[in-house]
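Novice: Model the following, please.
(chains A and B)
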Amino acid sequence: EDQVTQSPEALRLQEGESSSLNCSYTVSGLRGLFWYRQDPGKGPEFLFTLYSAGEEKEKERLKATLTKKESFLHITAPKPEDSATYLCAADPSGGYQKVTFGTGTKLQVIP
Amino acid sequence: GAVVSQHPSWVICKSGTSVKIECRSLDFQATTMFWYRQFPKQSLMLMATSNEGSKATYEQGVEKDKFLINHASLTLSTLTVTSAHPEDSSFYICSARGSGAVFNTEAFFGQGTRLTVV
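Specialist: Next up, the predicted model:
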(Lines give C-alpha, C1' and ligand atoms only; values in the text may rest on other atoms or scores of the structure.)
Protein backbone atom coordinates (compact mmCIF):
# COMPACT_ATOMS: atom_id res chain seq x y z
CA GLU A 1 0.00 0.00 0.00
CA ASP A 2 1.28 3.45 -0.92
CA GLN A 3 2.26 5.53 2.08
CA VAL A 4 3.49 9.08 2.64
CA THR A 5 4.73 10.24 6.05
CA GLN A 6 5.61 13.82 6.92
CA SER A 7 7.60 15.08 9.87
CA PRO A 8 7.50 16.96 12.06
CA GLU A 9 3.74 17.40 12.49
CA ALA A 10 4.28 20.96 13.64
CA LEU A 11 7.25 23.31 13.54
CA ARG A 12 7.69 26.66 15.17
CA LEU A 13 10.52 28.87 13.92
CA GLN A 14 11.77 32.32 14.67
CA GLU A 15 11.84 34.62 11.68
CA GLY A 16 15.13 34.02 9.86
CA GLU A 17 15.67 30.57 11.42
CA SER A 18 16.17 28.10 8.57
CA SER A 19 14.93 24.52 8.78
CA SER A 20 13.75 21.51 6.76
CA LEU A 21 10.55 19.53 6.48
CA ASN A 22 10.68 15.83 5.70
CA CYS A 23 8.47 13.68 3.49
CA SER A 24 9.12 9.92 3.40
CA TYR A 25 7.31 7.89 0.79
CA THR A 26 6.70 4.28 -0.10
CA VAL A 27 4.96 3.88 -3.43
CA SER A 28 4.97 1.35 -6.22
CA GLY A 29 7.15 3.36 -8.53
CA LEU A 30 7.19 7.14 -8.39
CA ARG A 31 6.07 9.29 -11.27
CA GLY A 32 6.24 12.53 -9.33
CA LEU A 33 6.49 13.97 -5.81
CA PHE A 34 4.44 17.12 -5.19
CA TRP A 35 4.70 19.81 -2.56
CA TYR A 36 1.73 22.02 -1.75
CA ARG A 37 1.12 24.86 0.65
CA GLN A 38 -2.27 25.10 2.38
CA ASP A 39 -3.53 28.12 4.28
CA PRO A 40 -6.39 27.68 6.78
CA GLY A 41 -9.78 27.33 5.10
CA LYS A 42 -8.31 27.16 1.60
CA GLY A 43 -7.42 24.52 -0.93
CA PRO A 44 -3.78 23.46 -1.43
CA GLU A 45 -1.60 25.69 -3.58
CA PHE A 46 0.91 23.96 -5.85
CA LEU A 47 4.59 24.59 -5.12
CA PHE A 48 6.81 21.99 -6.80
CA THR A 49 6.93 18.70 -8.66
CA LEU A 50 10.06 16.52 -8.45
CA TYR A 51 10.48 13.58 -10.79
CA SER A 52 13.79 11.87 -10.09
CA ALA A 53 16.31 11.36 -7.29
CA GLY A 54 18.81 14.18 -7.12
CA GLU A 55 16.44 16.75 -8.55
CA GLU A 56 16.12 20.13 -6.82
CA LYS A 57 13.73 23.01 -7.35
CA GLU A 58 13.66 26.45 -5.79
CA LYS A 59 11.10 29.18 -5.32
CA GLU A 60 11.95 32.23 -3.26
CA ARG A 61 12.86 30.95 0.23
CA LEU A 62 11.85 27.36 -0.52
CA LYS A 63 13.93 24.58 -2.00
CA ALA A 64 12.68 21.04 -2.54
CA THR A 65 14.96 18.04 -2.97
CA LEU A 66 14.29 14.39 -3.72
CA THR A 67 16.00 11.08 -2.96
CA LYS A 68 14.78 7.56 -3.68
CA LYS A 69 12.96 7.37 -0.35
CA GLU A 70 12.26 10.90 0.81
CA SER A 71 11.92 14.53 -0.07
CA PHE A 72 12.91 17.61 1.88
CA LEU A 73 11.48 21.10 1.78
CA HIS A 74 14.16 23.50 2.95
CA ILE A 75 13.04 26.90 4.17
CA THR A 76 15.76 29.52 4.26
CA ALA A 77 15.36 32.61 6.46
CA PRO A 78 11.59 32.17 6.76
CA LYS A 79 9.19 35.06 7.20
CA PRO A 80 5.85 35.11 9.06
CA GLU A 81 4.01 34.93 5.73
CA ASP A 82 5.55 31.49 5.19
CA SER A 83 3.36 30.19 8.03
CA ALA A 84 1.06 27.50 6.60
CA THR A 85 0.62 23.76 6.41
CA TYR A 86 2.91 22.13 3.87
CA LEU A 87 1.68 18.95 2.22
CA CYS A 88 3.61 16.48 0.15
CA ALA A 89 2.03 13.92 -2.14
CA ALA A 90 3.37 10.97 -4.11
CA ASP A 91 2.10 10.15 -7.58
CA PRO A 92 2.74 6.48 -8.35
CA SER A 93 3.54 5.29 -11.81
CA GLY A 94 0.86 3.36 -13.62
CA GLY A 95 -2.42 4.14 -15.27
CA TYR A 96 -4.50 5.05 -12.21
CA GLN A 97 -3.71 8.62 -11.27
CA LYS A 98 -4.35 8.36 -7.55
CA VAL A 99 -2.10 10.59 -5.51
CA THR A 100 -1.32 9.77 -1.86
CA PHE A 101 -1.01 12.73 0.50
CA GLY A 102 0.90 13.03 3.73
CA THR A 103 -0.73 14.56 6.80
CA GLY A 104 1.25 17.76 6.48
CA THR A 105 3.60 19.86 8.56
CA LYS A 106 2.11 22.93 10.17
CA LEU A 107 4.73 25.67 10.10
CA GLN A 108 4.52 28.74 12.28
CA VAL A 109 7.07 31.51 11.82
CA ILE A 110 7.23 33.96 14.68
CA PRO A 111 8.34 37.56 14.10
CA GLY B 1 -0.59 28.06 -13.08
CA ALA B 2 -3.85 26.48 -14.04
CA VAL B 3 -7.00 27.69 -12.30
CA VAL B 4 -9.65 25.50 -10.73
CA SER B 5 -12.72 27.26 -9.41
CA GLN B 6 -14.91 25.68 -6.76
CA HIS B 7 -18.31 27.00 -5.75
CA PRO B 8 -19.69 27.74 -3.26
CA SER B 9 -16.86 28.46 -0.84
CA TRP B 10 -19.15 27.81 2.09
CA VAL B 11 -22.69 26.52 2.58
CA ILE B 12 -24.97 25.90 5.53
CA CYS B 13 -27.87 23.50 5.02
CA LYS B 14 -30.51 21.80 7.08
CA SER B 15 -30.25 18.13 7.93
CA GLY B 16 -31.97 16.00 5.31
CA THR B 17 -31.46 18.38 2.41
CA SER B 18 -29.06 17.99 -0.52
CA VAL B 19 -26.18 20.24 -1.46
CA LYS B 20 -24.39 20.55 -4.79
CA ILE B 21 -20.77 21.68 -5.10
CA GLU B 22 -19.31 22.67 -8.47
CA CYS B 23 -15.72 22.36 -9.62
CA ARG B 24 -14.62 24.04 -12.85
CA SER B 25 -11.30 24.08 -14.65
CA LEU B 26 -11.07 27.57 -16.12
CA ASP B 27 -8.14 27.41 -18.51
CA PHE B 28 -7.58 23.75 -19.32
CA GLN B 29 -9.53 20.61 -20.07
CA ALA B 30 -9.72 18.40 -17.00
CA THR B 31 -9.75 14.79 -18.11
CA THR B 32 -9.70 13.65 -14.50
CA MET B 33 -11.17 15.30 -11.43
CA PHE B 34 -10.74 14.26 -7.83
CA TRP B 35 -12.91 14.95 -4.82
CA TYR B 36 -11.38 15.09 -1.36
CA ARG B 37 -12.69 15.54 2.13
CA GLN B 38 -10.59 17.14 4.83
CA PHE B 39 -11.31 17.05 8.56
CA PRO B 40 -9.73 19.60 10.91
CA LYS B 41 -6.00 19.07 11.38
CA GLN B 42 -6.01 16.10 9.02
CA SER B 43 -4.82 15.60 5.50
CA LEU B 44 -6.89 15.20 2.39
CA MET B 45 -8.90 12.00 2.11
CA LEU B 46 -9.67 10.99 -1.45
CA MET B 47 -13.36 10.27 -1.89
CA ALA B 48 -13.62 9.55 -5.59
CA THR B 49 -12.03 9.97 -8.98
CA SER B 50 -14.03 10.91 -12.03
CA ASN B 51 -13.15 10.86 -15.68
CA GLU B 52 -15.15 12.90 -18.15
CA GLY B 53 -18.10 10.99 -19.51
CA SER B 54 -17.76 7.93 -17.30
CA LYS B 55 -18.87 6.85 -13.85
CA ALA B 56 -16.83 7.93 -10.87
CA THR B 57 -14.61 5.49 -9.02
CA TYR B 58 -15.23 5.69 -5.30
CA GLU B 59 -12.72 4.91 -2.58
CA GLN B 60 -13.48 2.18 -0.10
CA GLY B 61 -15.92 3.31 2.57
CA VAL B 62 -17.37 6.19 0.57
CA GLU B 63 -21.09 5.81 -0.11
CA LYS B 64 -21.70 6.37 -3.80
CA ASP B 65 -25.43 6.89 -3.27
CA LYS B 66 -24.77 9.63 -0.74
CA PHE B 67 -22.00 11.45 -2.59
CA LEU B 68 -23.12 11.73 -6.20
CA ILE B 69 -20.44 12.78 -8.64
CA ASN B 70 -21.05 13.94 -12.17
CA HIS B 71 -18.30 14.82 -14.64
CA ALA B 72 -20.41 15.89 -17.56
CA SER B 73 -17.82 17.92 -19.45
CA LEU B 74 -14.08 18.48 -19.62
CA THR B 75 -14.41 21.60 -17.51
CA LEU B 76 -17.06 20.76 -14.93
CA SER B 77 -17.56 18.19 -12.21
CA THR B 78 -20.17 18.30 -9.46
CA LEU B 79 -20.44 16.65 -6.07
CA THR B 80 -23.92 16.36 -4.56
CA VAL B 81 -24.20 15.45 -0.91
CA THR B 82 -27.64 13.88 -0.64
CA SER B 83 -29.73 13.84 2.53
CA ALA B 84 -26.96 15.60 4.40
CA HIS B 85 -26.48 15.02 8.11
CA PRO B 86 -24.32 16.83 10.66
CA GLU B 87 -21.58 14.20 10.34
CA ASP B 88 -21.21 15.22 6.70
CA SER B 89 -20.02 18.64 7.81
CA SER B 90 -16.50 19.00 6.50
CA PHE B 91 -14.22 20.79 4.06
CA TYR B 92 -14.62 19.40 0.55
CA ILE B 93 -11.93 20.07 -2.06
CA CYS B 94 -11.77 19.21 -5.74
CA SER B 95 -8.70 18.94 -7.91
CA ALA B 96 -8.23 18.52 -11.61
CA ARG B 97 -5.64 17.09 -13.94
CA GLY B 98 -5.57 17.50 -17.68
CA SER B 99 -3.61 16.01 -20.50
CA GLY B 100 -0.44 17.06 -22.22
CA ALA B 101 3.10 17.74 -21.06
CA VAL B 102 2.18 20.12 -18.25
CA PHE B 103 -1.29 19.28 -17.12
CA ASN B 104 -1.00 15.55 -16.78
CA THR B 105 1.41 15.93 -13.90
CA GLU B 106 0.50 18.02 -10.91
CA ALA B 107 -3.10 18.41 -9.85
CA PHE B 108 -4.57 21.86 -9.36
CA PHE B 109 -6.94 22.43 -6.50
CA GLY B 110 -10.09 24.42 -6.03
CA GLN B 111 -10.51 26.78 -3.10
CA GLY B 112 -12.55 24.27 -1.14
CA THR B 113 -16.12 24.30 0.19
CA ARG B 114 -16.90 24.42 3.88
CA LEU B 115 -20.15 22.47 4.40
CA THR B 116 -22.01 22.84 7.67
CA VAL B 117 -25.12 20.75 8.22
CA VAL B 118 -27.38 21.94 11.03
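
Novice: What parts of chain B come near chain A?
Specialist: Within chain B, the positions adjacent to chain A are B:1, B:4, B:6, B:32, B:34, B:42-44, B:46, B:49, B:91, B:93, B:95, B:97, B:105-112, B:114 by C-beta under 8 Å from any C-beta of the partner chain. C-beta here means a position set from N, CA and C on the backbone, and glycine is covered the same way.

Novice: So how do I select the buried members of those residues in ChimeraX?
Specialist: Applying 16 or more other C-beta atoms under 10 Å in any protein chain shown to these, the buried members can be selected in ChimeraX as follows:
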select /B:4,6,32,34,43,44,46,49,91,93,95,97,105,106,107,108,109,110,111,112,114
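
Novice: Which of the residues of chain B next to chain A fall in strands?
Specialist: B:4, B:6, B:32, B:34, B:44, B:46, B:49, B:91, B:93, B:95, B:97, B:108-109, B:114 (DSSP state E).

Novice: Out of those, flag the one nearest to chain A.
Specialist: Checking these against chain A by C-beta to the nearest C-beta gives residue B:109 as the nearest, at 3.9 Å.

Novice: Verify the stated contact: the closest one with residue B:91.
Specialist: No. The criterion here is C-beta atoms under 8 Å, and residue B:109 misses it with residue B:91 at 11.6 Å.

Novice: Point out where chain A drops to low pLDDT.
Specialist: A:94-97 (pLDDT under 70).

Novice: do that again at 90, thanks
Specialist: Low-confidence segments of chain A, defined by pLDDT under 90: A:1-3, A:27-32, A:40-42, A:46, A:51, A:91-101.

Novice: all strands for it, in order.
Specialist: Going by DSSP E, chain A shows strands at A:3-7, A:10-14, A:19-26, A:30-38, A:45-50, A:56-59, A:62-66, A:70-75, A:84-92, A:100-101, A:105-110.

Novice: TSV for these, including mean neighbour count and distance to residue B:54?
Specialist: Formatted as TSV, the strands of chain A follow (neighbours: other C-beta atoms under 10 Å in any protein chain shown; distance: least, C-beta to C-beta, whole Å):
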stretch	mean neighbour count	distance to residue B:54
strand A:3-7	17	27
strand A:10-14	14	40
strand A:19-26	18	29
strand A:30-38	22	22
strand A:45-50	19	26
strand A:56-59	12	34
strand A:62-66	20	33
strand A:70-75	20	33
strand A:84-92	23	21
strand A:100-101	20	23
strand A:105-110	18	36
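
Novice: Dump those strands into TSV; add distance to residue B:81 as well.
Specialist: Formatted as TSV, the strands of chain A follow (distance: least, C-beta to C-beta, whole Å):
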stretch	distance to residue B:81
strand A:3-7	27
strand A:10-14	31
strand A:19-26	31
strand A:30-38	22
strand A:45-50	25
strand A:56-59	36
strand A:62-66	35
strand A:70-75	34
strand A:84-92	24
strand A:100-101	22
strand A:105-110	28
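
Novice: now for the ones you listed, which one comes closest to residue B:11?
Specialist: strand A:30-38 (20.2 Å; C-beta to C-beta).

Novice: who does the closest one pair up with?
Specialist: strand A:45-50 (antiparallel), strand A:84-92 (antiparallel) (DSSP bridges).
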